[in-house]
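K.L.:
Would you be able to build a 3D model of this:
(one chain, ligands or ions: 2)
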Amino acid sequence: MRHAHSVQAVRAAESELMARLPEGALMQRAAAGLAAACAALLAGRGPVPAVRPGRGPGVYGARVVLLVGAGGNGGDALYAGARLARRGAGVAALLLAPGKAHRGGLTALAAAGGEIIETAEETATDPAYAAHWHHVERMLTRADLVVDGITGLGGRGGLRTGAARLAHAAEADKVPVVAVDLPSGIDADTGEVHGPAVTADLTVTFGTHKPGLLVDPAREHAGTVRLIDIGLDLPGPAAAEALQHADVAALLPRPAPESDKYRRGVVGICAGSARYPGAAVLCVHGALRTGAGAVRYAGPGDQAVVARFPETLVSSGLPSEAGRVQAWVVGPGLGEDEEAGRRVADVLAQDVPVLVDADGLRFLDRDRLRARTAPTLLTPHAGEAARLLGVEREHVEAARLTSVRRLASEYGATVLLKGSTTLVAAPDESMPVRVNATGTPWLATAGSGDVLSGVAGSLLAAGLSARDAASAGAYLHGLAARHAADGAPVDAQDVAGALPAAWRDVKRG
Ligand SMILES: NC(=O)C1=CN([C@@H]2O[C@H](COP(=O)(O)OP(=O)(O)OC[C@H]3O[C@@H](n4cnc5c(N)ncnc54)[C@H](O)[C@@H]3O)[C@@H](O)[C@H]2O)[C@@H](O)CC1
Ligand SMILES: [K+]
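P.N.:
Ligands and ions are numbered 1, 2, ... in the order given. As a prediction, this is how the structure comes out:
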């Protein structure tokens, strides 16, 4: 499991540890890890090449520019810069807040032969300093490596004008950028980005991940993330967490020798319509490939479903008349008419776990949902989430973590918010939000959501909690898409077809 903690939790753990260590020891641990990651990158062992023509790999002779802000983040950069300078790199520090730069870090860099250049942020728009800014921009574009130590845990809002200009200069020339702790300008706790922010190739983060390193849109600024253990002890639940193969393997059901189809879980599917029969087929396909003992289908797509999957138990009437199931999936391709609404209400009236997706989300009654005793799982994309929250889609996309938490709490349901990183929030706010990162852009294809509903519904029927079913389902689904795509476009049927490969991959570890 990968954990991400809030700024407040990290600060508390830091002060607890600092009280037991000699002064500055923690920052030295951070700087040592940061310098090692920079050295590896300069030696050609990083996520991006950092060797410019005319220079061999390694630290010796490399040109490193540090962007240094007012706080501890700049301190890390300065101490790491000193370590690189001692190994023969040419290191220059641009101080964006000269009066506030970390004293000890400045002394260390100067002692190691590094260059210190005052580049006060507020002079960026002053014509008297135009030549100076032109000069430092050129330094950046010629560097082998730029280290972003502008802001860390204490950063507020986006980059200011001067910092944004420098970050842009480095990015425009494709100079590798290593962010210290987090890319400056992102919101560490929410993953939101309120203005210009550094886009790093590598982020070296300390003690624990921060939610902003896992959640979009901030995540896209972080590049590859490397976690450095500095000995922090972070008790209590994380703010966010990401499952790994082993976590998912432990969650996936495994049929016991005495299992029969009923014990393995029967999932009911109410999806599709005369207009969208394909949604029914895809949803059933996802469910069948995720270990359900049996799939019952109830709805207007019964003939299409049984023609493709003869093992399905089909009927065309109301879901409550279809026979017993351990969980229902309702919504994909159901349409928007009265009949669809009747089916959703019929499913939600049953006292079993229910997954509501797509068209089903049009018919939710907040109070009825909150009154349900069995778990409910809602699986909206950003547009559907926006409608449920009464906000614009852009708002959900910009504030994904806040939005998924708000939905879960307002609807009293577990919510899976689809996207490039899928988020899962439980109605209990103390539970970490789960972040799924197995997805691929190829998953943005018609019908792939219908498959996901079948997958998660099947896991619900097998007895997983709504949160586990949603997060393990998203994980498998994303992995299946990667298997199916392998660098080329996929359709939703390919994704469903690759589910067994994803399952085996997870189980193998
Ligand atoms: N406390 C410690 O011993 C350790 C701290 N560490 C580093 O220290 C960082 C936290 O240090 P700080 O609390 O000083 O926080 P920052 O380094 O984020 O600096 C905060 C200061 O930056 C300025 N600032 C805020 N927003 C800004 C913006 N948008 N543009 C420009 N300036 C802005 C403000 O003056 C603020 O006080 C961590 O992220 C980590 O990198 C690590 O060395 C681990 C140990
Ligand atoms: K930073």
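K.L.:
in the stretch 401-509 of the chain, which spans are strands?
P.N.:
With DSSP state E, counting those that start in this stretch as the criterion, the stretch 401-509 of the chain has strands at 414-417, 422-425, 433-436.
K.L.:
Can you pull the residues of this protein lying near ligand 2?
P.N.:
For the chain, the residues in contact with ligand 2 (CB under 5 Å from the ion) are 73, 148, 179, 180, 184. For the C-beta atoms, the positions are set from N, CA and C on the backbone; glycine is no exception.
K.L.:
Pretty sure residue 205 sits in a strand.
P.N.:
Yes - under DSSP: H, G, I helix; E, B strand; the rest coil, residue 205 sits within a strand.
K.L.:
Contacts only, for it.
P.N.:
181, 182, 213, 225, 226, 227, 228 (CB atoms under 8 Å, 6 or more residues apart in numbering).
K.L.:
Skipping adjacent residues, who's closest to residue 212 in space?
P.N.:
Nearest non-adjacent residue to residue 212, counting by CB to CB, 6 or more residues apart in numbering: residue 218, 3.9 Å away.
K.L.:
ok, now which ones touch the one you found?
P.N.:
182, 183, 186, 187, 188, 190, 191, 192, 193, 197, 212.
K.L.:
quick one: which of these sit in helices?
P.N.:
Mapping the contacts of residue 218 onto helices (DSSP state H) picks out residue 212.
K.L.:
The contacts of residue 218: which two are farthest apart?
P.N.:
183 and 190 (14.1 Å; CB to CB).
K.L.:
Next SSE downstream of the lowest-mean-pLDDT helix or strand in the chain?
P.N.:
When the helices and strands of the chain are scored by mean pLDDT, DSSP states H and E, helix 261-264 comes last with a mean of 75. The helix or strand immediately downstream of helix 261-264 is strand 266-270, counting by DSSP states H and E.
K.L.:
Please identify the buried residues of stretch 9-17?
P.N.:
Across stretch 9-17, burial judged by 16 or more other CB atoms under 10 Å covers 9, 10, 12, 13, 14, 17.
K.L.:
any residues touching it, and which ones?
P.N.:
Stretch 9-17 is contacted by residues 5, 26, 153, 207-208, 210, 230-236, 239 when judged by CB under 8 Å, 6+ apart.
K.L.:
and of these, the nearest to residue 425?
P.N.:
residue 239 (11.2 Å).
K.L.:
My read is that the closest one contacts residue 4, right?
P.N.:
Yes - shown here, residue 239 and residue 4 form a contact pair, counting by CB atoms under 8 Å, at 5.8 Å.
K.L.:
List the residues that are in contact with both of the two.
P.N.:
211, 432.
K.L.:
between these two, who's got more neighbours?
P.N.:
residue 4 (27 against 24; other CB atoms under 10 Å).
K.L.:
closest point of the stretch 151-300 of the chain to ligand 1, which residue?
P.N.:
residue 152 (2.1 Å; CB to the nearest ligand atom).
K.L.:
Can you tell me how far that residue is from residue 179?
P.N.:
According to CB to CB, to the nearest Å, residue 152 and residue 179 sit 9 Å apart.
K.L.:
Compare these two and say which one has the larger neighbour count.
P.N.:
residue 179 (34 against 28).
K.L.:
all helices in the stretch 51-200 of the chain, in order from the N-terminus.
P.N.:
72-86, 103-111, 130-142, 161-172 (DSSP state H, counting those that start in this stretch).
K.L.:
The residue nearest to residue 453 when sequence neighbours are not counted: neighbour count?
P.N.:
Distances taken as CB to CB, 6+ apart place residue 357 nearest to residue 453, at 4.4 Å, with adjacent residues excluded. Neighbourhood size, residue 357 [other CB under 10 Å]: 30.
K.L.:
Please apply the same query to residue 44.
P.N.:
13.
K.L.:
Residue 196 too?
P.N.:
If we define neighbours as other CB under 10 Å, then residue 196 has 18 of them.
K.L.:
Distance of it relative to residue 136?
P.N.:
Taken as CB to CB, the span from residue 196 to residue 136 is 17 Å.
K.L.:
Check the stretch 201-350 of the chain for the residue nearest ligand 2 and tell me.
P.N.:
residue 203 (8.1 Å; CB to the ion).
K.L.:
For that residue, name its beta-bridge partners.
P.N.:
residue 179, residue 225 (DSSP bridges).
K.L.:
what sits up against the helix or strand residue 396 falls within?
P.N.:
Using DSSP H and E, residue 396 sits in helix 393-398. With contacts defined as CB under 8 Å, 6+ apart, helix 393-398 is touched by 192, 193, 216, 217, 382, 383, 385, 386, 389, 403, 417, 419.
K.L.:
which of the residues you listed are buried?
P.N.:
Using 16+ other CB under 10 Å, the buried ones in these are 192, 193, 216, 217, 382, 385, 386, 389, 403, 417, 419.
K.L.:
out of these, which are inside strands?
P.N.:
Those of the buried ones among the contacts of helix 393-398 mapping onto strands are residue 417, per DSSP state E.
K.L.:
ok, back up a step: got the contacts of helix 393-398 as TSV, with distance to residue 300 and pLDDT columns?
P.N.:
Output for these, formatted as TSV (distance: CB to CB, whole Å; pLDDT from 0 to 100):
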residue	distance to residue 300	pLDDT
192	42	98
193	44	98
216	36	96
217	39	97
382	28	97
383	25	97
385	27	98
386	28	98
389	30	98
403	33	98
417	29	98
419	30	92
